[in-house]
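Peer 1: Sequence plus predicted model, see below.
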Protein chains: 2
Amino acid sequence: MARRANTTTKPSPQDLDARRATILEAVVVEHIKTAQPVGSSSVAATVDLAVSPATVRAEMVTLEREGYLVQPHTSAGRVPTDKGYRYFVDHLKSGALGSAQQHQVKEFFANVRGEVEDVLEQTSTLLTQLTSYTSVVVGAGHSHSSILSVQLVNLDARHQLLVSVFSDGSVVKHSIIASFDVTHEEVAEASKQLNALLINTTLETRVQVPSRSDHVATLVREAVSVLHAEKPTTDGEQVFIGGSSRVAEVFQGVETVRKVLSILEQELLVVSLVQDILDQGLSVAIGSENGYEPLSACAVIVAQVTIDGEPAGAVGLLGPTRMKYREALAAAQVVSEHLTRRFGGDESHA
Amino acid sequence: MARRANTTTKPSPQDLDARRATILEAVVVEHIKTAQPVGSSSVAATVDLAVSPATVRAEMVTLEREGYLVQPHTSAGRVPTDKGYRYFVDHLKSGALGSAQQHQVKEFFANVRGEVEDVLEQTSTLLTQLTSYTSVVVGAGHSHSSILSVQLVNLDARHQLLVSVFSDGSVVKHSIIASFDVTHEEVAEASKQLNALLINTTLETRVQVPSRSDHVATLVREAVSVLHAEKPTTDGEQVFIGGSSRVAEVFQGVETVRKVLSILEQELLVVSLVQDILDQGLSVAIGSENGYEPLSACAVIVAQVTIDGEPAGAVGLLGPTRMKYREALAAAQVVSEHLTRRFGGDESHA
DNA sequence: GTTGGCAGTCGGTAGAATCGAGTGCTAACA
DNA sequence: TGTTAGCACTCGATTCTACCGACTGCCAAC
């Protein structure tokens, strides 16, 4: 399934001449390593093409004309464009994780305990440690889960708490403010009716609420409406971001750092960013591909997590366009597989 | 209560000579405004002391000797030290919020809806908008709250979910993995027993668990132990950080930005930072006062939120030592009061 | 005690000179 | 035709110098 990095459909990967491809790759690799423009002689040296710098130069002119490379200025080496990185990534043979890191991942998943949320949060830390990039872990919403139990609890006569448990193990609470004093008996009765009404439904199911105007019926109506009003938010998606300080390590300009951070602050935006990338069928979005101008200096890697074959979240990594794609892809891949295994088909989630 | 900014007890505010105090204040104000070292003539101009720069100079020498000011280098103006800021803050007449901002706060609290967590999170955004600094909102843990209800829910035969509702309106879930298949009847029975056992206790109460070895008793024991194991974490404290991107606006060095961000990433650390400051009886910690070396370029402002007179959280602002103390203090103060009012004595929390 | 005057310090900036990495072009070569 | 060596050229980066200007500290006069 992951023979090579998942690719695009749109910039049909019109294969480059073999030599040109080699040169492009060399430029990308070198630039990722050094962050400097790379020149023809350096390429000629690293690559086993047995050609002179002059020839490389000629090819680089072509590559530049075709938009894979740019010169920051005359008399500098070349730097890959987004298109250049794209080609590189599309033709990247997926590598494995270093064995130390593989060990770390195994170790981690063998030892994490706690609720799903805790695991996801810690996973984001793991990802950031593995790669030195900022990580994003998105947990799916529960809009498709069915309700296992709802319970109304009296905080005091005027305040009730509706606690709903979903089949995916998530628990949601909603405050209800009554316009009249509510007795414990009424709460208990409302709770009972709510259970009868809602168990095994999903948030998308429309239910028939009682139209009477007594206390209990009013409570029930209120509870159902407040529960179903859940949707407009991110429909329960959870976002965990790890290592935002890595942003400051990886970009040199304070202004870039600021822009990227302020994107990361907006969880809804992060969710849709990840979702957009997945929707495009990509596993990597490079520079402008991600659609957010402030992130044009970034590349984003995503890998989906599935439960019973259904998409149920994703892990992501955010770095500079000159990120270490192979390692980062491997890390995202491996971690998402582990998550899929833990929460997916089998029942062994601890 | 807030006639002047809450002060220290330790660096006994040995009052400075009135003129020196004026000069120090002028330096601080000017430096906060310009971020530049400020020179004697500039001070002489801004201040109504009717003295010449030379005199100011003489005083500044004293102030420097006493540790309130430093020169970045010979032939530069002076910059306040932490001690200088401390004096300034201790003698700051607390100002009011600008009327536009006052309006914004009122508006905000008139319109926020949703659960406590949502309100706190949005409050952190509000604070950051009011001040342009990074904000921290800490919600108290529920270790002192009593349990209103516990419920065990069957996810499947081997997995149960313990859902606990506390008197402060918080809801906590815990997964339980059974080593045997559990029937719905057993879960219901365990649930009943748990309620009998735990209602009106707090997490600190030790309870007598059944010692029998049947399924129900085992479930009950497991549930109680998992619930009481809660403590080691931050005992349920919630942290919301708003505007981390402001860090990049406010500090120029990427390295500083990185260090500060990586502190902010560690929620426990943030909680104890805030707690430490409150424990010292401070409302502002300047530079090294906060005890974290990476934050030595920062000042932290905190204001407590109380419920029924009991400390129940705090709001904080983090900026550079040259932050706009008056405005930031006012903002923190006002917001914390609004929170206190909302969640505190009266019953109007919507 | 205050002040004007003055020499001295030192960072910051502007300009010139230099360096060197890397290019594009061209002519020769296989 | 493709490849290569050679070469002139470009242009950012670095270094150096000179200089300016913002301050200070000190001192003598008020």
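Peer 2: Received, thanks.
Peer 1: Just after the host helix or strand of A:N195, pick out the following helix or strand.
Peer 2: Element membership for A:N195 (DSSP states H and E) is helix A:184-198. Using DSSP H and E, the helix or strand that directly follows helix A:184-198 along the chain is helix A:215-228.
Peer 1: Okay, now the unreliable bits of the stretch 1-150 of chain A?
Peer 2: Residue ranges of the stretch 1-150 of chain A with pLDDT under 70: A:1-14.
Peer 1: switch to 80 and redo it
Peer 2: Scanning the stretch 1-150 of chain A for pLDDT under 80 picks out the ranges A:1-15, A:143.
Peer 1: OK, now which residue of it is nearest to DNA strand C?
Peer 2: A:G39 (3.0 Å; CB to the nearest atom of the strand). Every residue, glycine included, has its C-beta placed from N, CA and C.
Peer 1: got it, and the stretch 151-300 of chain A?
Peer 2: Going by CB to the nearest atom of the strand, DNA strand C is nearest to A:V254 of the stretch 151-300 of chain A, at 17.2 Å.
Peer 1: Apart from its chain neighbours, what residue comes closest to that residue?
Peer 2: Leaving out its chain neighbours, the residue that sits closest to A:V254 by CB to CB, 6 or more residues apart in numbering or on different chains is B:A248, at 5.4 Å.
Peer 1: Distance of the residue in chain A that DNA strand D sits nearest to relative to A:P37?
Peer 2: Nearest to DNA strand D, among the residues of chain A, is A:S75, at 2.7 Å (CB to the nearest atom of the strand). Spatial separation of A:S75 from A:P37 under the definition CB to CB, to the nearest Å is 10 Å.
Peer 1: These two - which one has more neighbours?
Peer 2: Set A:S75 next to A:P37 and count neighbours by other CB atoms under 10 Å in any protein chain shown: A:P37 wins out with 20 against 8.
Peer 1: any idea how far the closest residue to the residue of the stretch 1-150 of chain A closest to DNA strand C other than its chain neighbours lies from B:R206?
Peer 2: Of all residues not flanking A:G39 in the chain, A:G77 sits nearest, at 3.7 Å (CB to CB, 6+ apart). Distance, A:G77 to B:R206, by CB to CB: 70 Å.
Peer 1: Same question for A:Q252.
Peer 2: Going from A:Q252 to B:R206 by CB to CB gives 56 Å.
Peer 1: tell me which residues in stretch A:266-283 are buried?
Peer 2: A:267, A:270-274, A:276-278, A:282-283 (16 or more other CB atoms under 10 Å in any protein chain shown).
Peer 1: Kindly report the residues of chain A close to DNA strand C.
Peer 2: Within chain A, the positions near DNA strand C by CB under 7 Å from any atom of the strand are A:36-42, A:53-54, A:57, A:60-61, A:64, A:71, A:74-78.
Peer 1: can we see that at 6 Å?
Peer 2: Counting by CB under 6 Å from any atom of the strand, chain A comes close to DNA strand C at A:39-42, A:54, A:57, A:60-61, A:75-78.
Peer 1: so of the residues you listed, which ones are in helices?
Peer 2: Secondary structure from DSSP state H places A:40-42, A:54, A:57, A:60-61 of the residues of chain A next to DNA strand C in helices.
Peer 1: so which two of these are the farthest from each other?
Peer 2: The two members of these with the most space between them (CB to CB) are A:S42 and A:V61, at 16.4 Å.
Peer 1: still on that earlier bit, report whether the helix holding A:N195 contacts chain B.
Peer 2: No. Against chain B, helix A:184-198 shows no contacts by CB under 8 Å from any CB of the partner chain, the least distance being 10.0 Å.
Peer 1: what packs against that helix?
Peer 2: strand A:147-156, strand A:159-166, helix A:215-228 (3 or more CB pairs under 8 Å, 6 or more residues apart in numbering or on different chains; DSSP states H and E).
Peer 1: tell me the contacts of the residue lying closest to A:A54 once chain neighbours are set aside?
Peer 2: Distances taken as CB to CB, 6+ apart place A:S40 nearest to A:A54, at 7.5 Å, with adjacent residues excluded. By CB atoms under 8 Å, 6 or more residues apart in numbering or on different chains, the contact set of A:S40 is A:53-54, A:56-57, A:60, A:77.
Peer 1: Buried ones among the residues you listed?
Peer 2: Applying 16+ other CB under 10 Å to those flags A:56-57, A:60, A:77 as buried.
Peer 1: Now tabulate those in a markdown table and tack on distance to B:L261.
Peer 2: Shown next, in a markdown table, are these (distance: CB to CB, whole Å):
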| residue | distance to B:L261 |
| --- | --- |
| A:V56 | 41 |
| A:R57 | 42 |
| A:M60 | 38 |
| A:G77 | 32 |
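Peer 1: can you list the domains in chain A?
Peer 2: Using automatic domain parsing, the domain parsing of chain A gives A:18-90, A:99-140+A:237-343, A:147-228.
Peer 1: which helix is the longest one in chain A?
Peer 2: Assignment by DSSP H gives helix A:325-343 as the longest helix of chain A.
Peer 1: Tell me the buried residues in that one?
Peer 2: Of all the residues in helix A:325-343, those buried under the rule 16+ other CB under 10 Å are A:325-340, A:342-343.
Peer 1: got it, and stretch A:65-80?
Peer 2: If you call a residue buried by 16+ other CB under 10 Å, then stretch A:65-80 has these buried ones: A:66, A:68-70, A:77-80.
Peer 1: now, among these, which is nearest to A:V187?
Peer 2: The closest of these, once distances to A:V187 are taken by CB to CB, is A:P80, at 63.7 Å.
Peer 1: Pull the contacting residues for the nearest residue to the closest one once chain neighbours are set aside.
Peer 2: Nearest non-adjacent residue to A:P80, counting by CB to CB, 6+ apart: A:V28, 4.9 Å away. By CB under 8 Å, 6+ apart, the contact list for A:V28 reads A:80, A:84-85, A:88.
Peer 1: Equivalent analysis for A:V274, please.
Peer 2: A:V274 is in contact with A:136, A:138, A:300, A:302, A:314, A:316, counting by CB under 8 Å, 6+ apart.
Peer 1: ok, the first one touching A:S272?
Peer 2: No. Using CB atoms under 8 Å as the test, A:V136 is too far from A:S272 to be in contact (11.9 Å).
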